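In: The following block contains a protein sequence and its predicted model.
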Amino acid sequence: MNDEPSERDPTGEDARIDVLGKRLEAAREREDQRNNPALGAEADVNYRMGNRVLAELIGGIGGGALIGWVIDHFAGTSPWGLLVVMALGIIAAFRNIIRIANQRPD
C-alpha cells in the first residue's frame, strides 16, 4: 500500500478541534457565571421591592383621591374632601415607603 501521508493531515485537524473545544468550554463557563442564580435572586428581591414601593405610592395617591372624591360627591364639599384625603393618602404612602426602606434584608 501507500506509505505517504495523505493530503489531509489528521493531526492538524485534531489540534484545531482541541483549541475549539477549549474555547467552547471557556465560553460555557463564562455563560454559567453570567447566569448565576445567586445574582438573579438578588435582582429579583430588588425588583419585588421596587414594585412594592410603586404599589404603595400609586395606592396611596389613588386610594386617597377616590375616597376624597366619594366624600365630596356625597357631602358636597368639593374640592376639600378630595384634597385632604388625598394628602393623607400621600402621607401614608410615604410613611410606608420609608418603613419598607428601613427594613433589614433577609
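Out: That came through, no problem. For clarity, every value in this text was computed on a predicted model and none was experimentally measured.

In: which intervals of the protein have sub-threshold pLDDT?
Out: Flagging of the chain using pLDDT under 70 yields the residue ranges 1-13, 37-42, 105-106.

In: what's the single longest helix in it?
Out: For the chain, the helix reaching the highest residue count under DSSP state H is reported as helix 37-75.

In: after that one, next one along is what?
Out: Past helix 37-75, heading to the C-terminal end, the next element that is a helix or strand (DSSP states H and E) is helix 80-101.

In: I'd like to know which elements that next one is packed against.
Out: Counting contacts by 3 or more Cβ pairs under 8 Å, 6 or more residues apart in numbering; DSSP states H and E, helix 80-101 is packed against helix 37-75. All C-beta atoms are positioned from the backbone trio N, CA, C, and that covers glycine.

In: Go through the helix it packs on and flag the buried ones.
Out: For helix 37-75, the neighbour count (16 or more other Cβ atoms under 10 Å) marks 56-57, 60-61, 63-65, 67-69, 71-72 as buried.

In: which of those residues lies closest to residue 98?
Out: For those, the residue nearest residue 98 by Cβ to Cβ is residue 56; the value is 10.1 Å.

In: which residues does the closest one contact?
Out: With Cβ atoms under 8 Å, 6 or more residues apart in numbering as the criterion, the residues that contact residue 56 are 93, 96-97, 100.

In: Let's see that with 6 Å instead.
Out: Taking Cβ atoms under 6 Å, 6 or more residues apart in numbering as the criterion, residue 56 is in contact with 93, 96-97.

In: what's the answer for residue 81, then?
Out: When contacts are counted by Cβ under 6 Å, 6+ apart, residue 81 touches 68, 71-72.

In: Thank you kindly, that will do.
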